[in-house]
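[1] Predicted model and sequence follow; I will ask about them next.
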Amino acid sequence: MSEKVRCLIIGSGPAGFTAAIYASRANLAPVLYEGIQPGGQLTTTTDVENFPGYPEGVTGTELMEDLKKQAVRFGAEIRNGIATSVDFSVSPKKVIIDGEKEIEADTVIISTGATAKYLGLPDETKYAGMGVSACATCDGFFYRKKVVAVVGGGDTACEEAIYLAGLASKVYLIVRKPFLRASKVMQNRVFAHEKIEVLFECNAVGLFGENGVEGANIVKHAGQANEEKFDLAIDGFFLAIGHTPNTKIFEGQIDMDETGYIKTQAMSTKTNIPGVFAAGDVADPVYRQGITAAASGCKAAIDVERYLNETECSL
Ligand code: NDP
């Protein structure tokens, strides 16, 4: 038998929990399913120092626990479980949890986030939180006057390299191709920066260090006659090779861009499906910050409230 819900929130990052806080305060009795990674991406970072309201910083896990407590305090129901399929062609929307439980939802807020891509090296896991990061804005501050490497050749990598160059003493940009994919303006900024050195046609194949990252093993011109191997002394290793929005289960159900980010209508969190809203990184390839995700979660709950008012009044 299916369960009827007025406001279903899928995902438990800052967007999902903020939506839950606002929706519960608006008496919408939201139900939130936490998904594969309860608390979202912030639980994989160490200290968060740029989320307003925490002058001394806070760990990612504590921040998410605080947001969760705040949502629960106002009556949001937080549940373990993963949305495994959806049907947005019907009204109310159907969402299947853990492949078996059916929810019928008047409104759905999708806040399933995005996942940073990693190279897949075992050392990335070994040094997670000990020198390996996929977010320069989050962790760059810990590398003041240190030497870091950024992997990638797109706009994100260039942006992260420039950001880190404002803090670190030296930034290596490790690019697998003989050119950057980033926009011309970003390329020019990178090339003009005295602290950034671009290492073209290089791949990082391993990391080393006693109690954290002390260096990376690099292969230049891999597989070619002029292949060269060397070690790069670094304190931090930043991945900037793209993010994957967590939208697999929504494919074919909702409008997305060519990389899988959910499209929202200008100045709102509305998707092309009435009653379905998207908040946080799942709809944001550009800013991707905890605070911007939280803000869009707030907007989504307000959009839901207005949608319900309009549809329920017109019945
Ligand atoms: P992109 O997909 O544009 O670039 C990814 C980069 O990572 C490429 O250089 C790619 O190399 C490299 N890469 C991918 N996999 C590997 C690997 N296994 N090993 C080594 N290198 C790898 O992602 P971005 O996150 O940079 O950008 C995503 C979108 O967001 C883009 O459209 C971008 O323009 C946009 N963006 C815009 C910004 C702005 O306007 N301010 C800021 C940031 C992003 P290769 O080129 O060889 O494939």
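    Nice, I can see it.
[2] In contact with residue 146, which residues?
    168, 169, 235, 236 (C-beta atoms under 8 Å, 6 or more residues apart in numbering). Where you see a C-beta, it was placed from the backbone N, CA and C, and this is true even at glycine.
[3] swap in residue 135?
    Contact analysis of residue 135 by C-beta under 8 Å, 6+ apart lists 41, 45, 116, 238, 288.
[4] Does anything pack onto the longest strand belonging to the chain? Which helices or strands?
    Looking across the chain with DSSP state E, the single longest strand is strand 101-110. Applying 3 or more C-beta pairs under 8 Å, 6 or more residues apart in numbering; DSSP states H and E, we find strand 101-110 packed against strand 3-10, helix 14-25, strand 93-97, strand 276-278, helix 290-313.
[5] right, and those - which one's nearest the ligand?
    Across these, the ligand has its closest neighbour in helix 290-313 (13.2 Å, C-beta to the nearest ligand atom).
[6] residues touching the residue in the stretch 151-300 of the chain that the ligand sits nearest to, list them.
    Proximity of the stretch 151-300 of the chain to the ligand (C-beta to the nearest ligand atom) peaks at residue 154, 2.4 Å away. Residue 154 makes contacts with 180, 181, 182, 240, 241, 242, as judged by C-beta under 8 Å, 6+ apart.
[7] who are the neighbours of the lowest-mean-pLDDT helix or strand in the chain, in terms of helices and strands?
    Here the helix or strand of the chain ranked lowest by mean pLDDT, DSSP states H and E is strand 47-48, holding a mean of 78. The contact analysis (3+ C-beta pairs under 8 Å, 6+ apart) places strand 47-48 against strand 58-59, helix 60-73.
[8] Same list, the ones you listed, but as a markdown table with mean neighbour count please.
    Putting the helices and strands packed on strand 47-48 into a markdown table (neighbours: other C-beta atoms under 10 Å) gives the following:
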| stretch | mean neighbour count |
| --- | --- |
| strand 58-59 | 16 |
| helix 60-73 | 18 |
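[9] what's the least confident stretch among the ones you listed?
    Lowest mean pLDDT within these: strand 58-59, at a mean of 90.
[10] Can you spell out which helices and strands pack onto it?
    Counting by 3+ C-beta pairs under 8 Å, 6+ apart, strand 58-59 packs on strand 47-48.
[11] Neighbouring strands - and their directions - for the strand it packs on?
    Here strand 47-48 is paired, per DSSP bridges, with strand 58-59 (antiparallel).
[12] For the strand it pairs with, give me every contacting residue.
    Contacts of strand 58-59 (C-beta under 8 Å, 6+ apart): 46, 47, 48, 51, 66.
[13] Can I get the helices and strands packed on strand 101-110 in CSV including distance to residue 261?
    Below are those laid out as CSV (distance: least, C-beta to C-beta, whole Å):
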stretch, distance to residue 261
strand 3-10, 16
helix 14-25, 13
strand 93-97, 20
strand 276-278, 9
helix 290-313, 13
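[14] ok, residue 96 touching residue 85?
    Yes: at 4.6 Å, residue 96 counts as touching residue 85 under the criterion of C-beta atoms under 8 Å.
[15] re earlier: which one of the contacts of residue 154 sits in the busiest neighbourhood?
    The most crowded member of the contacts of residue 154 is residue 240, carrying 26 neighbours; neighbours defined as other C-beta atoms under 10 Å.
[16] what sits opposite the residue nearest to the spatial centre of the chain in the beta ladder?
    For the chain, residue 114 is the residue whose C-alpha lies nearest the centre (C-alpha atoms, centre = their mean; 4.1 Å). Beta-bridge pairing of residue 114 under DSSP bridges involves residue 245.
[17] Among the contacts of residue 146, which pair sits farthest apart?
    Maximum pairwise distance among the contacts of residue 146 (C-beta to C-beta): 11.4 Å, between 169 and 236.
[18] Which positions in the stretch 51-200 of the chain make contact with the ligand?
    Neighbours of the ligand within the stretch 51-200 of the chain, by C-beta under 6 Å from any ligand atom: 119, 151, 152, 153, 154, 155, 156, 157, 159, 176, 177, 181.
[19] now, among these, which is nearest to residue 12?
    The nearest member of those to residue 12, counting by C-beta to C-beta, is residue 156 at 24.4 Å.
[20] Is the closest one part of a helix or strand, or is it coil?
    Under DSSP: H, G, I helix; E, B strand; the rest coil, the three-state class of residue 156 is helix.
[21] wait, what's in contact with it?
    240, 242.
[22] So for it, what pLDDT did the model give?
    For residue 156, the predicted pLDDT is 86.
[23] Could you pick out the buried ones from the contacts of strand 58-59?
    Among the contacts of strand 58-59, those classed as buried by neighbour count (16 or more other C-beta atoms under 10 Å) are 47, 48, 51.
[24] From residue 50, how far out is the nearest residue to the last one once chain neighbours are set aside?
    The shortest distance from residue 51 to any non-neighbouring residue, by C-beta to C-beta, 6 or more residues apart in numbering, is to residue 290 (5.3 Å). Computed with C-beta to C-beta, to the nearest Å, the distance linking residue 290 and residue 50 is 8 Å.
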